[in-house]
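Student: Sharing a model prediction with you, sequence too.
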Amino acid sequence: MLSDPKAALANGKEASITAACIDIGSAIFGAFYFILSARNVKNIPICFLILIMNVHTFMFNSMIAKVQSPDNVEIFSFNVEHGCLGFMNLVDQPIVPILLYAIFASFFGSAGYTLSLLFFSPLVSSSAYLVEPLVA
């Protein structure tokens, strides 16, 4: 997509090399994530490790959202439009999608990759992570 001169983003701007650099940087941090997780899964109780990892991920992503859009993001808010916890607002929202997306897909998905590190190497777990979009 970066080499296609006619490619454009949804907002009408042209694609740049910045996205590819972010992807490469993310891949490097992803490799560190799986290597450190493989070490931690042997030294820290698994339930505590999964809790710490999910809280850390929420806080990290919330802070990035707040920095990118300080006026439109409320970190600990249940506001459906601007709150990072808006998916937990059950008013006017069906409960089944919330349970399916928030609990099964997100929590059990990240817990599954962490638990797989008990039985497989970080290379196998990270390879499974890369195949996930294809399978989904």
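Tutor: Sure, I can see it.
Student: Helix or strand with the lowest mean pLDDT in the protein?
Tutor: helix 95-98 (a mean of 74; mean pLDDT, DSSP states H and E).
Student: Tell me the gap between the next helix or strand after that one and the middle of its chain.
Tutor: Remark: after helix 95-98, the chain's next helix or strand is helix 108-116, criterion DSSP states H and E. Put simply, helix 108-116 sits 13 Å off its chain's centre (CA atoms, centre = their mean, to the nearest Å).
Student: Just give me the neighbour total for Ile44.
Tutor: Ile44: 14 surrounding residues under other CB atoms under 10 Å. Any C-beta I mention is one placed from the backbone N, CA and C, and that applies to glycine too.
Student: in this protein, which ranges drop under the pLDDT threshold?
Tutor: The model of the chain has pLDDT under 70 over residues 1-16, 19, 136.
Student: Tell me where it has strands.
Tutor: Counting by DSSP state E, the chain has no strands at all.
Student: List the buried residues of the longest helix along the chain.
Tutor: For the chain, the helix with the greatest residue count under DSSP state H is helix 17-43. Neighbour counts over helix 17-43 (16 or more other CB atoms under 10 Å) mark Tyr33, Phe34, Ser37, Ala38, Asn40, Val41 as buried.
Student: OK, contacts around Tyr88?
Tutor: Residue 88: Met, not Tyr. Counting by CB atoms under 8 Å, 6 or more residues apart in numbering, Met88 touches Phe78, Ile98, Ala102.
Student: for the second one, what are its contacts?
Tutor: Which is Ile98. The contact partners of Ile98, taken as CB under 8 Å, 6+ apart, are Phe87, Met88, Leu90.
Student: Can you get me a residue count around the first one?
Tutor: Using other CB under 10 Å, Phe87 has 15 other residues around it.
Student: Any chance of JSON lines for the contacts of Ile98, columns distance to Thr114?
Tutor: Shown next, in JSON lines, are those (distance: CB to CB, whole Å):
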{"residue": "Phe87", "distance to Thr114": "22"}
{"residue": "Met88", "distance to Thr114": "23"}
{"residue": "Leu90", "distance to Thr114": "28"}
